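> Generate coordinates for the sequence data below:
(2 chains)
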Amino acid sequence: MFAKRIILPVLALICYSVAGVAQVKKISLPQLQKRISNRDTVYVVNFWATWCKPCVAELPNFEKLQATYKSKPLKVLLVSMDFESKYPAVKAFAAKHQFKSEVLLVTRKSDQELIDGIDKEWSGALPGTLIVNAKKGIRKFEEREFTYEELNKLYQTNK
Amino acid sequence: MKKLITLLMIAVAGVAFKPADSGYKVGDTATDFKLKNVNGKTVSLADYKAAKGYIVVFTCNHCPYAKAYESRIMALDEEYAPKGYPVIAISPNDPVAEPTDSFENMQKLAKQKGYTFPYLIDETQDITRAYGAKATPHVYVLQKTPAGNVVKYIGAIDNDTENANPAKVKYVENAVNALLIGKQPEISSTKAIGCGIKWKKNA
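Numbering: from 1, shown residues only, chains lettered A, B, ... in the order given. Next up is the predicted model:
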């Protein structure tokens, strides 16, 4: 018990110092909706969680998409569905993986409100990806994993 | 003729491999099944002669959210099996895609935790597709009627996965309590974040 009391804060400290400039902002559902309604940009919004293995496995594909089209009006948002109480863990995770894409933690009153707000057809299973091109009136949600090729195709067909 | 056969083949393939984006809605009659339990025997809903209904839970070993709900699933069986609504747990995942969900690991977990309910493996994933389960954990409350097992509730166990809110809404308990006194569940369908089903490749 005593050891645990010492070890946990020390671990937390290490995590924080590694995290350093971890840029994970919290965002509410209305804020997110407003953000992706911007007509000048195509948004690829990936919903993931630190505990979700297939999510973590496909994150590099989203990173690659953002890197490939750095000069294009494409914005990849990596939206964590972790509990708000896991905010420090999400920040540490983002810092460890040094994500170049923007990482957000979505705050919500309930999962249900968030899931339906993103897409009525979404069951809530992770991972899931939303592509929004407000200028062309495109908003599609895909409840599945993506390879880079599939992701690239998703972008190319909706940009 | 060749063209016709090709067309036919495409049509058949289309039907056979149609992705399962439909599944049951509240009010539908749910199919029974015959799935292998962790004790090696098969289990069907019809085996429960005295049941008034069933709490069918798609859950699994590996998913952190299924783990978070495990003790609450066990408590549901403890509370409602004696009242006529036993828990029937089904693991929907392909063990090749997720080795943690192998039959052997299911056996180990059930034994270690002392599951009082069957923990079945849906090897073909046909039942998972028929029900339309998309994630773990995902609950279907069925009521036994002369016309079959009617779906009365679909969704989450409660609205507090983290189990941190004492004022949580216990959807499944509320639904079964309503059915037990001859009423309809007030909330019959909910959604929650969960782990996507691990489907077989090329299925």
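> Enumerate every residue touching residue 143.
Since you didn't name a chain, this refers to chain A. Contacts for residue A:143 (C-beta atoms under 8 Å, 6 or more residues apart in numbering or on different chains) come out as A:121-123, A:125, A:128, B:134, B:196. The way it works is simple: take the backbone N, C-alpha and C, and place the C-beta from them, glycine included.
> That was the other one, I meant chain B.
With C-beta under 8 Å, 6+ apart, residue B:143 has these contacts: B:52-53, B:149-150, B:152, B:179.
> redo that, cut-off 10 Å
Counting by C-beta atoms under 10 Å, 6 or more residues apart in numbering or on different chains, residue B:143 touches B:30, B:51-54, B:85, B:149-153, B:175-176, B:179-180, B:184-185.
> Those, buried ones only, as a ChimeraX selection?
To isolate the buried ones among these in ChimeraX, judged by 16 or more other C-beta atoms under 10 Å in any protein chain shown, type:
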select /B:30,51,52,53,54,85,149,150,151,152,153,175,176,179,185
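> In strands, which of the contacts of residue B:143 fall?
Mapping the contacts of residue B:143 onto strands (DSSP state E) picks out B:30, B:53-54, B:149-153.
> circling back to that earlier point, in a markdown table, list the contacts of residue A:143 along with pLDDT and secondary structure.
Formatted as a markdown table, the contacts of residue A:143 follow (pLDDT from 0 to 100; DSSP: H, G, I helix; E, B strand; the rest coil):
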| residue | pLDDT | secondary structure |
| --- | --- | --- |
| A:121 | 92 | coil |
| A:122 | 95 | coil |
| A:123 | 94 | coil |
| A:125 | 96 | strand |
| A:128 | 97 | strand |
| B:134 | 94 | coil |
| B:196 | 95 | strand |
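> Same list, the residues you listed, but as JSON lines with neighbour count and distance to residue A:139 please.
Shown next, in JSON lines, are the contacts of residue A:143 (neighbours: other C-beta atoms under 10 Å in any protein chain shown; distance: C-beta to C-beta, whole Å):
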{"residue": "A:121", "neighbour count": "13", "distance to residue A:139": "11"}
{"residue": "A:122", "neighbour count": "21", "distance to residue A:139": "12"}
{"residue": "A:123", "neighbour count": "23", "distance to residue A:139": "18"}
{"residue": "A:125", "neighbour count": "23", "distance to residue A:139": "19"}
{"residue": "A:128", "neighbour count": "26", "distance to residue A:139": "13"}
{"residue": "B:134", "neighbour count": "22", "distance to residue A:139": "20"}
{"residue": "B:196", "neighbour count": "22", "distance to residue A:139": "21"}
